[in-house]
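K.L.:
Structure for the following, please:
(chains A, B, C and D)
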There are 2 protein chains.
Amino acid sequence: MLAMTEPLNQLEVWCEGKEWCPITSTTSLIGKKWHPVIIHRLLKHGPSGFNELKEAVDGISSKVLSDSLEDLENKQLVSREIVNEKPVRVQYSLTQYGESLQPVIFEMRDWGMEYLAPAEDAESSTV
Amino acid sequence: MLAMTEPLNQLEVWCEGKEWCPITSTTSLIGKKWHPVIIHRLLKHGPSGFNELKEAVDGISSKVLSDSLEDLENKQLVSREIVNEKPVRVQYSLTQYGESLQPVIFEMRDWGMEYLAPAEDAESSTV
DNA sequence: CTGTATCCACAACGATACTG
DNA sequence: CAGTATCGTTGTGGATACAG
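P.N.:
Take a look at the predicted model:
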């Protein structure tokens, strides 16, 4: 009811008619634990260095971040560029393809904000 | 509470300030392989039986579907109701909470539709 | 029809330490 | 700064068979 009404008809065929499923396809790309957070960070702050990401994500280890970035690179969602040789400086950024995920990531974020936010007594903080 | 513009500022704090992250929280709920597809199916077709889901999802085994549904139940996203005793009939449906995920799931689906759809020469299918 | 019981395989994650 | 090397643990999924 949101936007399109026509193109979605195809969906019924693909998704319920088996064989190919847009959702399964999408999760196969961003379904790993840290992928959405990493992508979100890149969406919000633009190109970032390895350690910048490591700080921002919080909780992720070097290895897992490294693995995740490599995976995202293979999937063409993130690009890796060496900016400096001396003190090695690498920059990770979203490809156009990766940026197209913005609506998905933001929707996930917004939902989490609305339904999973830790209890906040802020409203009735007048007490 | 849906259309918020203010609260999002909090996000920067929570998500980049560490500690709590809406995206990580969301993926911890629907981040498993089949969860999004199952939810999507329930969104589109409403309450369904076990085998109905098994058919619809395509590729999922009894065990994994069972495990997934149990997990979704524990997370309060899906409710399980026994409709009939004779020939056992069970019905799975989304809770209100689960239904609230619609924007997220649809966004994933739409993105997949747009960017991952298998090449279609449908345009020139006049043959 | 609606599951459970097993068992196995492998991917994913995490902690720690080390390197250019 | 930007990773890699190990190693171990757990998670997740898949195949098959069986059961209420």
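
K.L.:
Setting the sequence-adjacent residues aside, check what's closest to A:G46.
P.N.:
Distances taken as CB to CB, 6 or more residues apart in numbering or on different chains put A:S93 closest to A:G46, at 6.7 Å, once the chain neighbours are dropped. Just so you know, the C-beta spots here come from the backbone N, C-alpha and C atoms, and that holds for glycine as well.

K.L.:
do A:W111 as well
P.N.:
That would be B:V104: by CB to CB, 6+ apart, it lies 5.0 Å from A:W111.

K.L.:
tell me which residues in the helix or strand encompassing the residue nearest to A:G46 are buried?
P.N.:
Secondary-structure assignment from DSSP states H and E places A:S93 in strand A:89-94. Residues of strand A:89-94 classed as buried by neighbour count (16 or more other CB atoms under 10 Å in any protein chain shown): A:91-92, A:94.

K.L.:
Out of the residues you listed, which is nearest to DNA strand C?
P.N.:
In terms of CB to the nearest atom of the strand, no member of the buried residues of strand A:89-94 lies closer to DNA strand C than A:Q91, at 14.6 Å.

K.L.:
Show me what the closest one is bridged to.
P.N.:
With DSSP bridges applied, A:Q91 shows beta-bridge pairing to A:E81.

K.L.:
is it true that it touches A:E81?
P.N.:
Yes. The pair A:Q91 and A:E81 passes the contact test of CB atoms under 8 Å, sitting 4.9 Å apart.

K.L.:
wait, doesn't A:A117 sit right on B:C21?
P.N.:
No. Taking contact to mean CB under 8 Å, the distance of 10.7 Å between A:A117 and B:C21 leaves them out of contact.

K.L.:
Who has more neighbours out of those two?
P.N.:
Ranked by neighbour count (other CB atoms under 10 Å in any protein chain shown), A:A117 and B:C21 place B:C21 first, with 26 against 15.

K.L.:
Could you double-check that the more buried one sits in contact with A:I60?
P.N.:
No. When contacts are counted by CB under 8 Å, B:C21 is not listed as touching A:I60 (11.1 Å).

K.L.:
All good on my end, thank you.
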